[in-house]
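A.B. asks: no sequence on this one, just coordinates:
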């Protein structure tokens, strides 16, 4: 089994924005208009338009607007069976000007991307949200390594939560991931699910400079493909 991760630049000109806006469903257009800031409205439009374009292309469907999405109990989207004959699974994440879309077949998937922000109070956030072991590990790292290590940890934990589709019902402190120099990107323990480490595969994703990203799959990791979204080519 393989998984493809698409990189989507959320910055585009007005002509490209118009093309992607025309591919949204009526309810997505309404959601876009709810954003107060134009920048956020544009980012949402590009992300959802790219999502529809990519999925339609993989499915061999020439009408992205006709795709229908269902939403799980905690908001995770999936394609409706009526338009998903190949059991595609996907997950979309975005931060600042970058979005990542992971697409696979027959496996639950979660992806996350985080803009590295040096001004964040990382140790305080780690004490509040991470497990005790993770918080202590972060504090024990050399100061110059902490910021990227923090965002690595955050992206890996978010990708796992998103893959499971449990939203805020799954506390960040309930499980631990590997991060920092010398630690593999992996799920180390989930105190609420003793079988999780044998089921979920977590890995680091290389992406644009200034961002940290991670991917989690339900089952073994097959071939990982990377792609870049281009409006004219999709």
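C.D. replies: Arrived safely, thanks for sending. Remember, it's a predicted structure, so these values are computed and weren't measured experimentally. Residues are numbered from 1 along each chain as shown.
A.B. asks: for the rest of this, base every contact and every neighbour count on C-alpha atoms.
C.D. replies: Noted.
A.B. asks: buried residues in the helix or strand hosting residue 145?
C.D. replies: Under the criterion DSSP states H and E, the helix or strand holding residue 145 is helix 143-164. When neighbours are counted by 16 or more other Cα atoms under 10 Å, the buried residues of helix 143-164 are found to be 146-164.
A.B. asks: now do the contacts for residue 133.
C.D. replies: residue 176 (Cα atoms under 8 Å, 6 or more residues apart in numbering).
A.B. asks: can you tell me the average pLDDT over the strand or helix carrying it?
C.D. replies: Secondary structure assigned from DSSP H and E places residue 133 in helix 132-140. Computed over helix 132-140, the mean pLDDT rounds to 96.
A.B. asks: on that earlier part again, packing partners of the helix holding residue 145?
C.D. replies: Counting by 3 or more Cα pairs under 8 Å, 6 or more residues apart in numbering; DSSP states H and E, the packing neighbours recorded for helix 143-164 are strand 109-115, helix 122-129, helix 132-140, strand 175-177, strand 200-205, strand 211-218.
A.B. asks: make TSV out of those and add distance to residue 89.
C.D. replies: Written out in TSV, the entries for the helices and strands packed on helix 143-164 read as follows (distance: least, Cα to Cα, whole Å):
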stretch	distance to residue 89
strand 109-115	7
helix 122-129	28
helix 132-140	30
strand 175-177	23
strand 200-205	15
strand 211-218	10
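A.B. asks: so which of these is nearest residue 82?
C.D. replies: If you check each of those against residue 82 by Cα to Cα, strand 109-115 wins as the nearest, at 20.4 Å.
A.B. asks: circling back to that earlier point, of the helices and strands packed on helix 143-164, which is nearest residue 227?
C.D. replies: The stretch from the helices and strands packed on helix 143-164 with the least distance to residue 227 (Cα to Cα) is strand 200-205; that distance is 12.6 Å.
A.B. asks: could you check the angle strand 109-115 makes with that closest one?
C.D. replies: Angular relation of strand 200-205 and strand 109-115 on a 0 to 180 degree scale: 30 degrees, by axes from the mean of the first three to the mean of the last three Cα atoms, to 10 degrees.
A.B. asks: strand 200-205 to strand 211-218, inter-axis angle?
C.D. replies: 160 degrees.
A.B. asks: wait, a helix at residue 39?
C.D. replies: Yes: Residue 39 sits within a helix when classified using DSSP: H, G, I helix; E, B strand; the rest coil.
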